[in-house]
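Undergrad: What follows is a predicted protein model with its sequence.
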Amino acid sequence: QVQLVESGGGLVQAGGSLRLSCAFSGRTFSNYIMGWFRQAPGKEREFVAVVSRSGGSSYYADSVKGRFTISRDNAKNTAYLQMVSLKPEDTAVYYCAADYPMKDGWPITAFEYDYWGQGTQVTVSS
């Protein structure tokens, strides 16, 4: 059974930076596409970023493009989300997710993912 454990969340001022980590265990990490989602209070879970199995390509939501960078280290079974120039509207619980790909194209909806972490809170103060 796959387990995902996020870490690195916290409270930061607007304009600050955080790096989230997602530790993967239970299966072969490099077989899974890794994504990050977020959910703010009263809102639906939304796609943030996704990285390919090799780490060689990625895709971002328009709202974070140019500010967030997704990456992975297959030797460490860990995915990352580097966030800079944070804004108050980035405040949310951030979740990592793993997708065993069964089709072409980027998985950008929550139902496409097979496994989820418990989430880590990111709060950006103005």
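TA: Looks like it arrived, so ask away. Fair warning: this is a prediction, and the values are worked out from it, not measured in the lab.

Undergrad: Just the helices from this structure, written as ranges.
TA: Per DSSP state H, the chain carries no helices over any range.

Undergrad: For it, which residue occupies the most central location?
TA: The residue lying closest to the centre of the chain (C-alpha atoms, centre = their mean) is residue 36, at 2.1 Å.

Undergrad: Once you drop chain neighbours, what's closest to it?
TA: residue 48 (4.3 Å; C-beta to C-beta, 6 or more residues apart in numbering). The C-beta positions use only the backbone N, C-alpha and C, and glycine is treated the same way.

Undergrad: Any idea how many residues pack against the one you found?
TA: 24 (other C-beta atoms under 10 Å).

Undergrad: what's near enough to touch the closest residue to residue 122 other than its chain neighbours?
TA: Sequence neighbours aside, residue 9 is the residue nearest to residue 122 in space, at 4.8 Å (criterion: C-beta to C-beta, 6+ apart). Residues near residue 9 by C-beta atoms under 8 Å, 6 or more residues apart in numbering: 18, 20, 94, 120, 121, 122.

Undergrad: Run through the residues that contact the last one.
TA: For residue 122, the residues meeting the contact criterion (C-beta under 8 Å, 6+ apart) are 9-10, 12, 18, 20, 38, 83, 86, 90-94.

Undergrad: Keeping just the C-alphas, turn stretch 37-52 into CSV.
TA: Output of stretch 37-52 as CSV, limited to C-alpha atoms (Å, rounded to 0.1, in the frame of the first residue of the first chain):
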residue,chain,number,x,y,z
PHE,A,37,-3.3,20.0,-5.0
ARG,A,38,-4.6,22.5,-2.4
GLN,A,39,-7.8,23.2,-0.7
ALA,A,40,-8.8,26.5,1.0
PRO,A,41,-11.6,26.7,3.5
GLY,A,42,-15.0,26.5,1.8
LYS,A,43,-13.4,25.8,-1.6
GLU,A,44,-13.0,22.7,-3.7
ARG,A,45,-9.6,21.0,-4.0
GLU,A,46,-7.7,22.4,-6.9
PHE,A,47,-4.8,21.3,-9.0
VAL,A,48,-1.5,23.0,-8.4
ALA,A,49,1.3,21.2,-10.2
VAL,A,50,2.3,17.8,-11.6
VAL,A,51,5.7,16.2,-12.5
SER,A,52,6.4,13.3,-14.7
